[in-house]
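*Asks:* return atomic coordinates for the entry below.
(2 chains)
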Amino acid sequence: KNEVEQSPQNLTAQEGEFITINCSYSVGISALHWLQQHPGGGIVSLFMLSSGKKKHGRLIATINIQEKHSSLHITASHPRDSAVYICAVITGTASKLTFGTGTRLQVTL
Amino acid sequence: GAGVSQSPRYKVAKRGQDVALRCDPISGHVSLFWYQQALGQGPEFLTYFQNEAQLDKSGLPSDRFFAERPEGSVSTLKIQRTQQEDSAVYLCASSFDRDEQYFGPGTRLTVT
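*Replies:* Prediction:
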C-alpha cells in the first residue's frame, strides 16, 4: 500500500464544474504539497500547506492533519486546468517528498 | 532565467553508456533534490543535498547512480552503464531551506 493515496485516478469534467481531488496519507508529515504537471511539461508547485486552508485564484487546498487527508478544489474549471495533479508529503527532517500517483484531470468544453 | 534549469532536456543512450545530467538550481537555494519519474508513475525520491553535503541518498536504485554538488550550486546526476530500466524523466528541484520546492523541466532519458 502506498504511503500517499489519491482519488480519483482519472477525472473528466465539463467546463465550469467544481472539482475535488482527494489525498490520504498514512505517515506523519510536516507539510503537504499539491503539484501540477502538464503533459510533457515540468512540475509546478501549487500549494504547500501544513494546516488549514489556502486559496489561490480558483484553486483551494485544505488539509486535516488529524484525519491525514487533504483536498484540492478547482472552482469554475476550464480546459486549461487539464493536467495531472499530484499530492506529495514531506516526511522526516530531510524535506524529501513522497508522491502520490497523481490524478489525471481532463476538462472539456 | 530565475527558475531551475536542467540539461539536456532529452538524452538517448545506448545500453551500457554512461550519462551525466545537470541541474542548475535557483540561485541561493540551499536544498537540492533529484527525483526519478517512470512513465505513468509519480516521481520517486533519489537523493538530497544541503549545500554541498549529500545528506540522503537512500533513493538511489543502485551503485551505478552517483550525484554530486561540489560547490553547493550546480548538481550532476551520473548514471554508469545505463540499463533499459533507467529510462525515465529525471527531475531536479531546489528550495530555500525547507520551503516550497521548485522543479526543473526534467531530463527525459531513453536507454535503447
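
*Asks:* and the closest residue to residue A:65 other than its chain neighbours, what pLDDT?
*Replies:* In space, and not counting its chain neighbours, residue A:65 is closest to residue A:51: 6.2 Å by Cβ to Cβ, 6 or more residues apart in numbering or on different chains. Every residue, glycine included, has its C-beta placed from N, CA and C. With respect to pLDDT, residue A:51 has a value of 93.

*Asks:* my read is that residue A:51 contacts residue A:63, right?
*Replies:* Yes. Taking contacts as Cβ atoms under 8 Å, residue A:51 lies within contact range of residue A:63: 6.3 Å.

*Asks:* neighbour count winner among these two?
*Replies:* residue A:63 (22 against 11; other Cβ atoms under 10 Å in any protein chain shown).

*Asks:* so what sits opposite the nearest residue in space to the more buried one that is not next to it in sequence in the bridge?
*Replies:* Nearest-residue entry for residue A:63: residue A:70, 4.3 Å, with adjacent residues in sequence omitted and distances by Cβ to Cβ, 6+ apart. On the basis of DSSP bridges, residue A:70 is bridged to residue A:23, residue A:63.

*Asks:* how about the residues of chain B near chain A?
*Replies:* Residues of chain B lying close to chain A (Cβ under 8 Å from any Cβ of the partner chain) are B:31, B:33, B:35, B:41-45, B:48, B:55-56, B:59, B:91, B:93, B:95, B:98-106.

*Asks:* select from the residues you listed every entry located in strands.
*Replies:* B:31, B:33, B:35, B:44-45, B:48, B:55-56, B:91, B:93, B:95, B:102-103 (DSSP state E).

*Asks:* drop anything exposed from those.
*Replies:* Among these, those buried by neighbour count (16 or more other Cβ atoms under 10 Å in any protein chain shown) are B:31, B:33, B:35, B:44, B:45, B:48, B:56, B:91, B:93, B:95, B:102, B:103.

*Asks:* wait, the third one sits on residue B:48?
*Replies:* By that I understand residue B:35. No. Residue B:35 lies out of contact with residue B:48 (Cβ under 8 Å); the separation is 10.0 Å.

*Asks:* show me the shaky parts of chain B.
*Replies:* Low-confidence segments of chain B (pLDDT under 70): B:1.

*Asks:* which element is residue B:108 on?
*Replies:* Taking DSSP states H and E as the definition, residue B:108 sits inside strand B:107-111.

*Asks:* now swap in residue A:41 and tell me
*Replies:* Judged by DSSP H and E, residue A:41 forms part of no helix or strand.

*Asks:* which residues does it contact?
*Replies:* residue B:105 (Cβ atoms under 8 Å, 6 or more residues apart in numbering or on different chains).

*Asks:* where does it land on pLDDT?
*Replies:* At residue A:41, pLDDT is 71.

*Asks:* can I assume residue B:85 sits in a helix?
*Replies:* Yes. Counting by DSSP: H, G, I helix; E, B strand; the rest coil, residue B:85 is located in a helix.
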